[in-house]
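Trainee: predicted model follows, preceded by the sequence.
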Amino acid sequence: MVNNIYYENKGENKDRSLRSKKIYLRGRDVYIYREVSSTNSIAKSLAANGAPDGTIVLSRFQTAGKGRFQRQWVCPPGKGLLLSMILRPNIDRQSIPLLTLLGGVVVAESIQRICGLKAGIKWPNDILINGRKVCGILAQNSFSRGNSEFVVLGIGINVNLNREQLPADCRETTTSLLLEAGFKVSRFELLKLFSSIWDRHYRCFLQSSHSYLRSQWLANNITLGREVSIKKDTHTLRGKAVDISPRGGLIVVFPDGSRNEYLAEDVSLGKEEYYAGFEHSKPSILADSKTNDEQKFSGPVS
């Protein structure tokens, strides 16, 4: 349910001085902007000022969106779902990386539900359809006295981009829901679905942590059983991904029989395909009209 729409003006930094629209969605605050440098930066500022668990920051466009290793995330205005969510989980610091994996589980299920596409999770933070990246996830932590004060989970999904709108240098490795499904997807309906699925998985995760997440992640992963290349400093290691650890690390076995856990390395999959192609089922939600979808997501002019 969405209700109580009104406007706020925040003036604590460059981004938050922009006007935003605030809505309530499934009991959580959602701040909507037209353009920001990064939704993660706004979410971190809101979190530092007491914003509750579940608060979401959305923007039609980011001028400095980042992924892992400071890689740039580019998406044309109004063509993607660009969000950051504030989390305050009561879990130990070692388990924080599991939230990235949980985000992947929720995004994969949301995509399958909304447009009938089989989405796979590439460890730790990429969602692929038919071997091409459609979503990236980035978790950033804030610690106080050794304990996690809050986590900001940033998610960027390519929704209604055509091929020409994808970055020219990665058109062979990235895609969008539009390109894969063959029809436009409502970003607002995708947000509502994501929010609902997140609430269900998040509750179960907080109750059983790794055991619950493991079963959900394994059902959608496209990493385990694959040959992987791991960039480590100036050299590359090659082995086989065989498991995920209790703290979300990737367990890799090497030709000499040794094995190691990796938590934050850059991992590439081998060339062999995990599945032949994406699967279609009957779409549950088609796109709203352009006017309705844009009205829901168009924050006030900054």
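Mentor: Thanks, I have the structure now.
Trainee: centroid-nearest residue for this protein?
Mentor: Ile155 (3.0 Å; CA atoms, centre = their mean).
Trainee: for that one, which three-state class applies?
Mentor: Following DSSP: H, G, I helix; E, B strand; the rest coil, Ile155 is assigned to strand.
Trainee: tell me the bridge partners for it.
Mentor: Applying DSSP bridges to Ile155 gives these bridge partners: Leu83, Ile137.
Trainee: unless I'm mixing things up, it is touching Gly103, no?
Mentor: Yes. Using CB atoms under 8 Å, Ile155 is in contact with Gly103, at 6.1 Å. Yep, even glycine has a C-beta here, placed from its N, CA and C like the rest.
Trainee: on the pLDDT front, check Lys232 for me.
Mentor: Looking at Lys232, its pLDDT reads 81.
Trainee: residues contacting it?
Mentor: Lys232 makes contact with Glu265, according to CB atoms under 8 Å, 6 or more residues apart in numbering.
Trainee: look up phi and psi at it.
Mentor: phi -130, psi 110 (degrees, to the nearest 10).
Trainee: what helices or strands is the stretch of helix or strand Val152 belongs to leaning on?
Mentor: Using DSSP states H and E, Val152 maps to strand 147-158. In terms of contacts (3 or more CB pairs under 8 Å, 6 or more residues apart in numbering; DSSP states H and E), strand 147-158 is packed against helix 39-48, strand 80-87, helix 98-115, strand 132-144.
Trainee: tell me the first helix or strand C-terminal of that strand.
Mentor: Counting by DSSP H and E, what follows strand 147-158 is helix 177-181.
Trainee: how about the CA coordinates for that following helix, as CSV?
Mentor: The C-alpha trace of helix 177-181 is given here as CSV (Å, rounded to 0.1, in the frame of the first residue of the first chain):
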residue,chain,number,x,y,z
LEU,A,177,14.6,-6.6,-18.5
LEU,A,178,13.2,-5.0,-21.6
LEU,A,179,15.7,-6.7,-23.9
GLU,A,180,15.2,-10.1,-22.3
ALA,A,181,11.5,-10.1,-21.7
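Trainee: show me what that helix is packed against.
Mentor: So helix 177-181, by 3+ CB pairs under 8 Å, 6+ apart, packs with helix 98-115.
Trainee: which of the helices and strands packed on strand 147-158 sits closest to Asn220?
Mentor: helix 98-115 (4.5 Å; CB to CB).
Trainee: count of residues packed around the nearest residue to Ile127 once chain neighbours are set aside?
Mentor: Nearest in space to Ile127, with sequence neighbours left out and distances taken as CB to CB, 6 or more residues apart in numbering, is Cys135 at 3.8 Å. Other residues within reach of Cys135, judged by other CB atoms under 10 Å, total 28.
Trainee: please apply the same query to the one 5 residues further on.
Mentor: Residues within reach of Gln140, counting by other CB under 10 Å, total 16.
Trainee: just Val159 next, same as before
Mentor: Val159 - counted by other CB under 10 Å - has 27 other residues nearby.
Trainee: and it, what does it touch?
Mentor: 79-81, 176-178, 185, 187, 190.
Trainee: what about the residue nearest to Leu81 when sequence neighbours are not counted, how many residues close to it?
Mentor: Nearest residue to Leu81, sequence neighbours excluded (CB to CB, 6+ apart): Ile157, at 4.4 Å. Residues near Ile157, counting by other CB under 10 Å, number 26.
Trainee: per-residue pLDDT, Ser17?
Mentor: So Ser17 comes in at 50 (pLDDT).
Trainee: with the one 3 residues further on instead?
Mentor: The pLDDT attached to Ser20 in the predicted structure is 84.
Trainee: is Ile129 in contact with Gln112, as I believe?
Mentor: No. Assessed by CB under 8 Å, Ile129 is found out of contact with Gln112, at 9.9 Å.
Trainee: overlap in contacts, these two.
Mentor: In contact with both Ile129 and Gln112: 118-119, using CB under 8 Å, 6+ apart.
Trainee: surely Ala47 touches Leu153?
Mentor: No. If you go by CB under 8 Å, Ala47 and Leu153 don't touch, sitting 11.1 Å apart.
Trainee: any chance of the helices and strands packed on strand 147-158 in a markdown table, plus distance to Ile56?
Mentor: Listed next are the helices and strands packed on strand 147-158 as a markdown table, based on distance: least, CB to CB, whole Å:
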| stretch | distance to Ile56 |
| --- | --- |
| helix 39-48 | 8 |
| strand 80-87 | 5 |
| helix 98-115 | 13 |
| strand 132-144 | 14 |
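Trainee: need the contact list for Glu172.
Mentor: Arg132.
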